[in-house]
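Asker: Generate a structure from the sequence data that follows.
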Amino acid sequence: RALDLKGRAIMTSDRELQRIVLDELTWDPSIDAANIGVTAKSGIVSLNGHVKSFAEKWSAEKAVQRIANVKAVTDELIVDLPGEHQRTDTDIARAALNSLEWNSLVPRDAIKVLVENAWITLDGEVEFFYQKEEAEYAVRNLLGVRGVVNTIRIKPLVRPSDVRNKIEKALERAAELDAKNISVEASQGNVILRGKVRSWAERSEAEHAAWAAPGVTNVKNEIRITEM
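Answerer: Below you'll find the predicted structure:
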């Protein structure tokens, strides 16, 4: 990060942020950046163009999120499957069910799969967020998939005060986070995070810590990204 003569962080211009994002997309070997367009304004990055798989679309979005000074990402990339990658909905559904069954972190028979026009919708109920996340991971990279909608629900298990305490302890343990700058509210499985961090990566780490607590069904992340 560039600093001025007094050691203060210099804000990245829109044009500079656009260049950094393009460099990151080009550097990532899982992404073909040739058909991806990037615009940046006030820390908000927009992606547009075409990619060859949903996995590549997901990778592009995550690549942008890990860049400093990125405050939000809008992903308008279109998955344009090559002919040899196209599969019928029946083939995709069969592959999705097999992938879920072979993932030891996904509860057996807990997830239902619907496939329509190469889009996978996951439904069901699990006890932890990581199980919901793993179910999506299990189907995201399948050949022929254009997108994934994850509507899996999480069962509430514990008291709000216990949830808040567990999240606060997790934030304190996180090496990359300054926990004193983050506040936690919890009620009936709903968690609200407020405060400020230095990057999107830190914001995401705080949200991930909140989701890891048992009984959390929803996380509203109101943490701001600021120069500190």
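Asker: Report the central residue of this protein.
Answerer: Lys62 (6.7 Å; CA atoms, centre = their mean).
Asker: could you give the mean pLDDT of stretch 59-72?
Answerer: For stretch 59-72, mean pLDDT is 90.
Asker: Give me the buried positions along it.
Answerer: Residues of stretch 59-72 classed as buried: Ser59, Ala60, Ala63, Val64, Gln65, Ile67, Ala68, Asn69, Val70 (neighbour count, 16 or more other CB atoms under 10 Å). C-beta coordinates here come from the backbone N, C-alpha and C atoms, glycine included.
Asker: got it, and stretch 202-213?
Answerer: Buried-residue list, stretch 202-213, by 16+ other CB under 10 Å: Glu202, Arg203, Ser204, Glu205, Ala206, Glu207, Ala209, Ala210, Trp211, Ala213.
Asker: Please apply the same query to stretch 115-130.
Answerer: Residues of stretch 115-130 classed as buried: Val115, Ala118, Trp119, Ile120, Leu122, Gly124, Val126, Phe128, Phe129 (neighbour count, 16+ other CB under 10 Å).
Asker: Can you spell out which helices and strands pack onto the host helix or strand of Ala186?
Answerer: Assigned by DSSP states H and E, Ala186 falls within strand 182-187. Here strand 182-187 touches helix 160-173, strand 190-197, going by 3 or more CB pairs under 8 Å, 6 or more residues apart in numbering; DSSP states H and E.
Asker: returning to that earlier point: closest one to Glu101 out of the buried residues of stretch 202-213, please.
Answerer: Nearest to Glu101 among those is Trp211, at 23.9 Å by CB to CB.
Asker: thinking again about what came up before, and the contacts of the strand holding Ala186?
Answerer: Residues outside strand 182-187 that contact it (CB atoms under 8 Å, 6 or more residues apart in numbering): 160-161, 163-164, 167-168, 171, 191-195, 197, 206, 210, 216, 223.
Asker: quick revisit: got phi/psi on the residue nearest to the centre of the chain?
Answerer: phi -70, psi -30 (degrees, to the nearest 10).
Asker: now stretch 215-228, how far from the chain's geometric center?
Answerer: Mean-position distance between stretch 215-228 and its chain equals 13 Å (CA atoms, centre = their mean, to the nearest Å).
Asker: With just CA atoms, put stretch 207-224 into PDB.
Answerer: Taking C-alpha atoms only, stretch 207-224 is exported to PDB below (Å, rounded to 0.1, in the frame of the first residue of the first chain):
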ATOM      1  CA  GLU A 207     -18.200 -13.100   8.600                       C
ATOM      2  CA  HIS A 208     -16.700 -16.600   8.200                       C
ATOM      3  CA  ALA A 209     -16.000 -16.600  12.000                       C
ATOM      4  CA  ALA A 210     -19.700 -15.600  12.700                       C
ATOM      5  CA  TRP A 211     -21.000 -18.400  10.400                       C
ATOM      6  CA  ALA A 212     -18.900 -21.000  12.200                       C
ATOM      7  CA  ALA A 213     -20.900 -20.600  15.400                       C
ATOM      8  CA  PRO A 214     -23.500 -23.300  15.900                       C
ATOM      9  CA  GLY A 215     -27.100 -22.200  15.500                       C
ATOM     10  CA  VAL A 216     -26.300 -19.200  13.200                       C
ATOM     11  CA  THR A 217     -28.900 -19.000  10.400                       C
ATOM     12  CA  ASN A 218     -28.200 -15.600   9.000                       C
ATOM     13  CA  VAL A 219     -25.300 -13.100   9.200                       C
ATOM     14  CA  LYS A 220     -25.800  -9.400   8.300                       C
ATOM     15  CA  ASN A 221     -22.300  -8.000   7.700                       C
ATOM     16  CA  GLU A 222     -22.400  -4.200   8.200                       C
ATOM     17  CA  ILE A 223     -18.600  -4.000   8.800                       C
ATOM     18  CA  ARG A 224     -17.100  -1.100   6.900                       C
END
